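*Asks:* structure of the sequence below:
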Amino acid sequence: MKNTHNSRRQFLKTTAVVSAATIVPRHVLGGVGYKAPSDTLVIAGVGVGGMGGVYLRNCESENIAVLCDVDYGFAQRTFDRYPDAVRYYDYRRMLDQERGIDAVVIGTPDHTHAVIAMAAFDLGKHIYCAKPLTRTIYESRKMLAATKASGVATQMSTQGQAEDGPRRLKELVNSGAIGAVHHVHIWSDRPIWPQGVDRPEERMEKPNNLNWDLWLGPAPDRPYHSAYHPFRHRGWIDFGTGALGDMGCHAFDPVFRALDLVAPTKVYGSCTTITSETFPSASVVHYEFPARGSRPPVKLSWYDGGLKPPRPGQLEAGKELGRDGLIFEGEKGTIMSGFTGANPHLVPEAEMDHFERPPKTIASSIGHYNEWIEACKGGPEAPCHFGWGAPLTEIVLLGNVALRTGRTLDWDAEKGEFVGDSDANAFIQEPYRAGWTL
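*Replies:* Sure thing, here's the model as predicted:
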């Protein structure tokens, strides 16, 4: 009789050898650069005609499967780039019909960010969203709460945080080269669209491929005009957040990371004419932040519309401040950098010739969009997740409320309200058009 035990052992050994020879990694089966479908995100883009199309181009390692835009004419270039993608006008119908998507990329105007993102949260979809995250403080707080409760991967479009400049800026500030920082100045060349103007009175014919009612979304009803769309929505109070809202998140991000700032206690400013319709053509906004541990209080000043901060006394003769940038004033000196923290250096810059730069302790990024993609696949949380982006957006929006009231405002971050100012508090949450809710 055969030894069945030995025969079985030989069979298992042979099977193991065959299995080892035949089970190979999926990327080998697919060839160089192959990525299995199960490793690929299925992405839907909402608002893809402008920056939303740029966001999608940076996510092309994944499957751009669904496109949604209220203006098919404006979005045509993106439609042409992804001819196989399913198309929708209405994000609500898209989310109802396309349950197989993994993630949503939002590139719409400010006033529709929150309603789209909250709908995606409800379905457990990962979210990438344009800055500022919301148009109102109430919306930013709702987004923050949803982020904490959902567990989905999120990222706000402050692309500059992924560059090396902000990392070197934080290291330089923390090296003590200029001592404790007490004042930061930020200036921008925005707005580059009309602000400080009244609502247009003439009537215009709406483009055939534009669903204007969907474009308005939760905003008040008004007739179509090219003064609002495309691109020019940013200056209008009902649709955008002005120069400060547009660029503030980009510039505040490296400052907050370098100084570990929390919510301000006071905000005030001044500006050119601000109408009931648009933000001003130029403004200055000041924030006061409390001490953080051993770090002293900090004042942050924002300038736009061509206004700039006082020229640092140590700045080289003939050197201009440029169209935008950052200045950190410390007890022992000054640091300047680009708007998002690029090329941080002491002032005068000749000081860097004999200054020993601090060691590079903050690792470089894998790339802003890759951060989010990897987070969607279970990797580390993206640095501009909404838990960071929502509070940053809120602080930017506080400045807009100060401009709209024209008063010095005391902010109670814990309660989420301005102290003793009902007029200012009315701007925290503004009503939606009938039929729209958050």
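*Asks:* now Gly387, nearest residue through space, not along the chain?
*Replies:* The shortest distance from Gly387 to any non-neighbouring residue, by Cβ to Cβ, 6 or more residues apart in numbering, is to Thr147 (5.3 Å). (Each C-beta comes from the backbone N, C-alpha and C, glycine too.)
*Asks:* same check, this time on Thr273
*Replies:* Distances taken as Cβ to Cβ, 6+ apart place Gly196 nearest to Thr273, at 5.1 Å, with adjacent residues excluded.
*Asks:* OK, contacts around that neighbour?
*Replies:* Residues in contact with Gly196 (Cβ atoms under 8 Å, 6 or more residues apart in numbering) are Thr272, Thr273, Ile274, Thr275, Thr278, Phe279, Pro280, Ser281.
*Asks:* doesn't Arg404 make contact with the third one?
*Replies:* What that stands for is Ile274. Yes - counting by Cβ atoms under 8 Å, Ile274 touches Arg404, with 6.5 Å between them.
*Asks:* pLDDT below threshold where in the stretch 251-400 of the chain?
*Replies:* Counting by pLDDT under 70, the stretch 251-400 of the chain contains no low-confidence residues.
*Asks:* tell me where it has helices.
*Replies:* Ranges of helices in the stretch 251-400 of the chain, per DSSP state H, counting those that start in this stretch, are 368-376, 386-405.
*Asks:* for the stretch 51-200 of the chain, same thing?
*Replies:* 51-57, 76-81, 91-97, 113-122, 137-150, 164-174.
*Asks:* give me the buried positions along the last one.
*Replies:* Spelled out, it's helix 164-174. Gly165, Pro166, Arg167, Arg168, Leu169, Lys170, Glu171, Leu172, Val173 (16 or more other Cβ atoms under 10 Å).
*Asks:* packing partners for that helix?
*Replies:* For helix 164-174, the packing partners by 3 or more Cβ pairs under 8 Å, 6 or more residues apart in numbering; DSSP states H and E come out as helix 242-259, strand 334-337.
*Asks:* could you list the residues in contact with it?
*Replies:* Residues lying outside helix 164-174 but in contact with it, judged by Cβ under 8 Å, 6+ apart, are 160, 181, 253-254, 257-259, 326, 328, 335, 337-338, 340-344, 346, 357-364.
*Asks:* what do you get for the longest one?
*Replies:* Around helix 137-150, the neighbours that count as contacts under Cβ under 8 Å, 6+ apart are 113-114, 117-118, 121, 124, 133-134, 154, 385-387, 390-391, 393-394, 397-398, 401, 416, 427-430, 438.
*Asks:* which parts of it are buried?
*Replies:* Ile137, Tyr138, Glu139, Ser140, Arg141, Lys142, Met143, Leu144, Ala146, Thr147, Ser150.
*Asks:* in CSV: the residues you listed, plus distance to Pro310 and pLDDT.
*Replies:* Output for those, formatted as CSV (distance: Cβ to Cβ, whole Å; pLDDT from 0 to 100):
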residue, distance to Pro310, pLDDT
Ile137, 30, 98
Tyr138, 36, 98
Glu139, 35, 98
Ser140, 32, 98
Arg141, 35, 98
Lys142, 39, 98
Met143, 36, 98
Leu144, 35, 98
Ala146, 42, 98
Thr147, 39, 97
Ser150, 45, 94
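*Asks:* can you redo those residues as a markdown table with distance to Thr241?
*Replies:* Below are the buried residues of helix 137-150 laid out as a markdown table (distance: Cβ to Cβ, whole Å):
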| residue | distance to Thr241 |
| --- | --- |
| Ile137 | 11 |
| Tyr138 | 14 |
| Glu139 | 11 |
| Ser140 | 11 |
| Arg141 | 16 |
| Lys142 | 16 |
| Met143 | 14 |
| Leu144 | 17 |
| Ala146 | 20 |
| Thr147 | 20 |
| Ser150 | 24 |
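*Asks:* quick one, strands of the stretch 1-150 of the chain?
*Replies:* With DSSP state E, counting those that start in this stretch as the criterion, the stretch 1-150 of the chain has strands at 42-46, 63-68, 86-88, 103-106, 126-129.
*Asks:* circling back to that earlier point, most packed of the helices and strands packed on helix 164-174?
*Replies:* Most buried of these by mean neighbour count (mean count of other Cβ atoms under 10 Å) is helix 242-259; its value is a mean of 25.
*Asks:* how far does it sit from the chain's center?
*Replies:* Remark: helix 242-259 is offset 10 Å from the chain centroid, using Cα atoms, centre = their mean, to the nearest Å.
*Asks:* who are the packing partners of that helix?
*Replies:* By 3+ Cβ pairs under 8 Å, 6+ apart, helix 242-259 packs against helix 164-174, strand 181-187, strand 283-289, strand 298-304, strand 325-330, helix 386-405.
*Asks:* related to what we said a few turns ago, for the strands of the stretch 1-150 of the chain, which one ends up most surrounded?
*Replies:* strand 126-129 (a mean of 28).
*Asks:* where's that strand relative to the chain centroid, distance-wise?
*Replies:* How far strand 126-129 lies from its chain's middle: 10 Å, per Cα atoms, centre = their mean.
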